[in-house]
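> What shape does this take:
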Amino acid sequence: MELSLEQKQAVKTWISGGMKLVEVQKLLNEKFGINMTYMEVRFLVDDLDISMPDPSSAETSAAQPAAADAQEPAQQEPAQQEPQAQGILVEVNPVQRPGVLTGGTVRFSDGVQATWELDAEGRLQLGGIAEDYRPSQDDIMDFQQKLRTILSGNM
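Prediction:
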């Protein structure tokens with residue numbers, strides 16, 4: 001799928017403003033009607049040669065409003081919802097890989113993002129994170145509860 005110059009510029013602005021790939025994925029769908037998987041968004045960012053901001057500097061840039069935020073108030077909604085969550089964010093990918101029952105992304109309370117997959121044998125796997133990373137016990141319990149809630153509505 002080829003994006004217009006305006007759409008590419010919007011993605012660059014969102015990323016430079018500190019948005020995460022999941023947020024960019026949602027905005028592409030909401031603003032332009034473009035439905036992309038998380039991986040497609042990741043490849044898009046790579047193709048556009050956009051470097052993701054350092055997570056430690058993202059906190060300081062989040063305090064500064066981006067130019068796109070001033071133009072479109074709808075973009076302020078995700079930022080306003082973040083502090084209310086105070087936990088983890090679990091999402092299901094709209095398109096699943098072969099051999100996977102379901103999968104998606106998770107953002108833990110410490111800001112670490114990972115992918116998750118549930119295979120046909122009921123095994124849950126996390127990916128896209130350092131091997132030595134261990135989420136807190138509260139995050140694990142919150143993740144399991146949110147996953148149960150999501151899956152009971154989707155299956």
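
> From here on, just use CA atoms for contacts and neighbour counts.
Will do.

> Pull the number of nearby residues for residue 133.
For residue 133, the count of nearby residues is 8 (other Cα atoms under 10 Å).

> can I assume it sits in a helix?
No: counting by DSSP: H, G, I helix; E, B strand; the rest coil, residue 133 is not found in a helix; it is coil.

> now it: how far from residue 113?
11 Å (Cα to Cα, to the nearest Å).

> got it, and residue 126?
Distance, residue 126 to residue 113, by Cα to Cα: 10 Å.

> More neighbours: which of the two?
Using other Cα under 10 Å as the criterion, residue 126 and residue 113 rank with residue 113 on top: 21 against 16.

> need the contact list for the more buried one.
105, 106, 107, 128, 129 (Cα atoms under 8 Å, 6 or more residues apart in numbering).

> In three-state terms, label the nearest residue to the fourth one once chain neighbours are set aside for me.
In space, residue 128 comes closest to residue 114 once its chain neighbours are excluded; the distance is 5.1 Å by Cα to Cα, 6 or more residues apart in numbering. When states are read from three-state DSSP, the local structure at residue 114 comes out as strand.

> Please tell me how far residue 114 sits from residue 126.
For residue 114, the distance to residue 126 - Cα to Cα - is 6 Å.

> List the buried residues in the top helix by length along the chain.
As assigned by DSSP state H, the longest helix anywhere in the chain is helix 137-154. Within helix 137-154, the residues scored as buried using 16 or more other Cα atoms under 10 Å are 139, 142, 143, 146, 147.

> My guess is the third one contacts residue 91. True?
In this case it means residue 143. No: the pair residue 143 / residue 91 is not scored as a contact, 10.5 Å apart, by Cα atoms under 8 Å.

> Poorly predicted segments of this protein, please.
1, 53-86, 154-155 (pLDDT under 70).

> thinking again about what came up before, mutual contacts of residue 143 and residue 91, please.
Taking Cα under 8 Å, 6+ apart as the criterion, residue 143 and residue 91 both touch residue 106.

> show me the contacts for residue 37.
Counting by Cα under 8 Å, 6+ apart, residue 37 touches 25, 93, 94, 95.

> does the third one sit in a helix or strand, and which one?
Same thing as residue 94. Under DSSP states H and E, no helix or strand contains residue 94.

> what's the answer for residue 117, then?
Secondary structure from DSSP H and E places residue 117 in strand 113-119.

> So what are the sheet partners of that strand and their directions?
strand 100-107 (antiparallel), strand 124-127 (antiparallel) (DSSP bridges).
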